[in-house]
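Colleague: okay, structure incoming, though there's no sequence with it:
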């Protein structure tokens, strides 16, 4: 049974930082690209960042570029999202996701990911 468990969300003031973690079990973590997505009420889930199976390739949405950093530790089966200079518009539930195929480049499309965590709330106050 594949499980993804996010942690690290919370309430932070604008300009602050958070680091989200996502621990994966039940599959060979090091073989799969990983992604972070976010969702606010009434909106589609949107791509934030993704990293290839070996960490060599990363993708970011425009609003995350320069502020967020995705990384992974294959020895710990964990992917991270470091978020700096947070803005109120970053407020959302953040989800990690595991790519559906092994050794593929990461994707920005949620349809390419087959397992998802339960989400962690990030709230940025102004």
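Modeller: It's in. Keep in mind that this is a model prediction, so the values were computed, not measured.
Colleague: the residue nearest to the spatial centre of the chain pairs with what?
Modeller: The centroid of the chain falls nearest to residue 36 when counting by CA atoms, centre = their mean (2.2 Å). In this entry, residue 36 is beta-bridged to residue 49, residue 96, by DSSP bridges.
Colleague: thought it was touching residue 71?
Modeller: No - look at residue 36 against residue 71 with CB atoms under 8 Å: they stay out of range, at 11.0 Å. Just so you know, the C-beta spots here come from the backbone N, C-alpha and C atoms, and that holds for glycine as well.
Colleague: could you tell me which residues touch both of those two?
Modeller: Common contact partners of residue 36 and residue 71 (CB atoms under 8 Å, 6 or more residues apart in numbering): residue 79.
Colleague: sorry, back to before: do you know how far the residue nearest to the centre of the chain is from residue 66?
Modeller: 16 Å (CB to CB, to the nearest Å).
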